[in-house]
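Model the following, please.
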Amino acid sequence: MGIVPLVADGGEFAHWDLYVRGIANGTDPGHPEYWGPLTGPDQRMVEMAAIGFALLLTPDHVWESLDPAQRRNLATWLGAVDSHEPHPNNWQFFRVLVNLGLAHVGVEYDEEAQKRSLDRIDDFHVGDGWYRDGWYRDGVLGSHDHYVAFALHFYGLLYAARGPEPERERSIRFRDRARLFAPQYARWFDRHGRSVPYGHRSLTYRFTHASFWGALAVAREEALPWGQVKGLYLRHLRSWRDRPIADRSGVLTVGYGYESQLLSEEYNSPGSPYWAMKAFVPLMLPDDHPFWAAEEEEEEGVFPDRSPSCQAVPGFVLSEDEDQVLLLNGSSGPTWFRQGAAKYAKLAYSSLFGFSVESDNRWDGQLAADSMLTFREPGGALRVREQVRETQVSPAGVVRSTWSVWPDVEIETAMWAAAPWHYRVHTIRTGRYVETRETGPSRCSLDSKLRASTKSAWSASRSPSRSSIPRLWPSSRASGRLGSSPTPRSCSATGAARVSTLSR
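Reported below is the predicted structural model:
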């Protein structure tokens, strides 16, 4: 995804012959290197999209380099994308990209299948420029995370730039949504260029977070002044420059701020980190494009008043100071993905501090419970927030969520922030005896190499930002108030316990 835009604007790449030979062999049913036919929504659809992208932008280096038989093989292999339904999420765009590429080289495709995917993508939009990344098991809605930017908006803007003229109205919708989304997504990046590592399985794609800003340039969509877009884009790339994200051979590793297999998902492979190359899509633009011609604006010029950003559709409030962007989370995501609760359901996420994931069962001393409120019955495993039933964001910057850890233990959480501090108030209604523990962020910074052991992650959460452990009895009542010290305090209670903490 990086080589294609580089070459599309006249850049040089000396190894096209290797790629073309691989494509020819991989799509030839009679060759030992044949990739196999598509039989459903499997990983081949993902790779098909990258080839469709190449056909769309650099057909002379791919299509024109194949002989007639090889072209037929490639067209047949790619065409199978219309015979099998992609997963009901951003994968719908993989079919769209394949068909855009085939159409560009004069190959017919299934227009009904293409329309079906585009209509499904329209259904994912839930307002104010935000998509849900599809539907998952049992009809549960997908998540609001970085996939909205680097997948759904990225491909939508590419479609707006290169899609067919009869689909002009759809392209306008993609552009309109991107304009609404851009000023909100800009608040996910701190003044140093770092983005908040909230959610999104696939954190290992790393600096692909910059690809949204590049896609705006490709579509010539000035959602923010070009100098601001360029600053957001370049600062983010620079923020990764000195992080230990490659092995000693220079190959990107699976992980985030450093190599960590623990952070991976079941679909990750050694090649997965290279989706980060989507960030280089503006290399296809000429030097005189306003994105390149603009003077890079510093972060202070984007949102000079630094007031909290209330993002009601996804359920977030973001606050910023000199060092970080702090995201208060009233939402949740697909927790059946590996480490789903850690990636999607913690109370707060920061562009400065890493979050922790556990490598073992949730027993005291093993759960990496930073920025969480934990519950347990005596001697039992710890439970944390995994799914949110209801979310509300007020214009005053308060995010509220309702969630449960057992059917008879319900929690209402309210949070508000002025970074680096934030307040949390929990109202807990319980029908059983439980013990609770609340933690602030890990003390580990994303700017340093962290140890991945759960022991260090747990000890990091046992910090001054941890509350005491109130024991909650059914039907009992008590109350407490927040003291003036930044050290959090809590009170024992409930039947309706109210636990207040101040975290940094």
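
can you pull the contacts of the closest residue in space to Arg191 that isn't next to it in sequence?
Setting aside the residues directly before and after it, Arg191 is nearest to Glu299 in space (CB to CB, 6 or more residues apart in numbering), at 3.9 Å. C-betas here are computed from N, CA, C, even on glycine. Counting by CB atoms under 8 Å, 6 or more residues apart in numbering, Glu299 makes contact with Phe189, Asp190, Arg191, Gly231, Leu232, Arg235.

Tell me the spacing between Glu299 and Pro420.
17 Å (CB to CB, to the nearest Å).

Quick check: which element contains the spatially closest residue to Val251 that is not a sequence neighbour?
What sits nearest to Val251 in space, not counting adjacent residues and going by CB to CB, 6+ apart, is Pro270, at 7.7 Å. Of the helices and strands defined by DSSP states H and E, none includes Pro270.

what's the burial count for Pro270?
Residues contacting Pro270 under the criterion other CB atoms under 10 Å number 10.

Phi, psi for Glu259 please.
Note on Glu259: its backbone torsions stand at phi -70, psi 130 [degrees, to the nearest 10].

what's the closest residue to it other than its chain neighbours in contact with, if anything?
Excluding its sequence neighbours, the residue lying closest to Glu259 (CB to CB, 6+ apart) is Thr253, at 3.8 Å. Listed by CB under 8 Å, 6+ apart, the contact set of Thr253 reads Ile245, Ala246, Asp247, Glu259, Pro273.

and the last one, how far is that from Arg206?
It stands for Pro273. If you measure Pro273 against Arg206 using CB to CB, the figure is 7 Å.

anything in contact with each of the two?
Jointly contacting Pro273 and Arg206 under the rule CB under 8 Å, 6+ apart are Ile245, Leu252.

Near Pro282, how many other residues are there?
Counted with other CB under 10 Å, the neighbours of Pro282 add up to 22.

Need the three-state assignment for it.
Three-state call for Pro282 (DSSP: H, G, I helix; E, B strand; the rest coil): helix.

And the strands in the stretch 51-200 of the chain?
Applying DSSP state E, counting those that start in this stretch to the stretch 51-200 of the chain gives strands spanning 125-127, 130-131.

What is the last one packed up against?
Translated: strand 130-131. With contacts taken as 3 or more CB pairs under 8 Å, 6 or more residues apart in numbering; DSSP states H and E, strand 130-131 sits against helix 168-185.

Can I get the one helix or strand Arg21 maps to in CSV? Just the C-alpha atoms.
Using DSSP H and E, Arg21 sits within helix 16-26. Backbone C-alpha positions of helix 16-26 (Å, rounded to 0.1, in the frame of the first residue of the first chain) are rendered in CSV as follows:
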residue,chain,number,x,y,z
TRP,A,16,8.0,-5.0,-9.8
ASP,A,17,9.1,-8.2,-11.5
LEU,A,18,9.0,-10.0,-8.1
TYR,A,19,5.5,-8.8,-7.4
VAL,A,20,4.1,-9.5,-10.9
ARG,A,21,5.6,-13.0,-10.9
GLY,A,22,4.0,-13.6,-7.5
ILE,A,23,0.6,-12.5,-8.7
ALA,A,24,0.9,-14.6,-11.8
ASN,A,25,1.8,-17.7,-9.9
GLY,A,26,-0.6,-17.1,-7.1
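
Mind listing residues that contact that helix?
Contacts for helix 16-26 (CB under 8 Å, 6+ apart): 31-35, 51, 61-62, 65-66, 70, 73-74, 77.

likewise stretch 267-274?
Under CB under 8 Å, 6+ apart, the answer for stretch 267-274 is Met1, Gln43, Ser202, Thr204, Tyr205, Arg206, Ile245, Val251, Leu252, Thr253, Val254, Ser264.

Tell me the spacing between the third one and Tyr344.
Which is Ser202. As defined by CB to CB, Ser202 lies at a distance of 12 Å from Tyr344.

ok, the two, which is more surrounded?
Ranked by neighbour count (other CB under 10 Å), Ser202 and Tyr344 place Tyr344 first, with 26 against 23.

right, and that one touches Gly330 too?
No: checked against CB atoms under 8 Å, the pair Tyr344 and Gly330 is beyond contact range at 11.6 Å.

Just say which of the strands of the stretch 51-200 of the chain is most tucked in.
For the strands of the stretch 51-200 of the chain, the largest average neighbour count (mean count of other CB atoms under 10 Å) is found in strand 130-131, namely a mean of 24.

Pick out the residue nearest the middle of the chain.
Centroid check for the chain by CA atoms, centre = their mean gives His146 as the closest residue, at 2.6 Å.

who's in contact with it?
Ser195, Tyr198, Gly199, His200, Ser202, Thr208, His209.

swap in Ala414?
Taking CB under 8 Å, 6+ apart, we find Ala414 in contact with Val398, Val399, Arg400, Arg424, Val425, His426.

Nearest to Gly156 among these?
Among the contacts of Ala414, Val399 lies closest to Gly156 (CB to CB), at 27.3 Å.

hey, where'd the helices end up in the stretch 201-350 of the chain?
Shown for the stretch 201-350 of the chain, the helices assigned by DSSP state H, counting those that start in this stretch span residues 211-218, 226-239, 290-293, 340-344.

Please identify the deepest-packed of the ones you listed.
helix 211-218 (a mean of 27).

distance between that helix and the chain's centre?
16 Å (CA atoms, centre = their mean, to the nearest Å).

hmm, who's touching that helix?
By CB under 8 Å, 6+ apart, helix 211-218 touches 149-150, 153-154, 157-158, 161, 178, 182, 185, 222-223, 226, 229-230, 232-233, 236, 278-282, 284-285, 289, 291.

re earlier: point out the least confident member of the contacts of His146, please.
Ranked by pLDDT, the contacts of His146 bottom out at His200, which scores 63.

where are the low-confidence patches of the stretch 401-504 of the chain?
Along the stretch 401-504 of the chain, the parts satisfying pLDDT under 70 run over 443-504.

circling back to that earlier point, so what's the backbone phi/psi at the residue nearest to Glu259?
Thr253 adopts backbone torsions of phi -100, psi 160, taken as degrees, to the nearest 10.

quick one: it from Val313, how far?
Using CB to CB, Thr253 is found at 34 Å from Val313.

do the same with Gly163
For Gly163, the distance to Val313 - CB to CB - is 25 Å.
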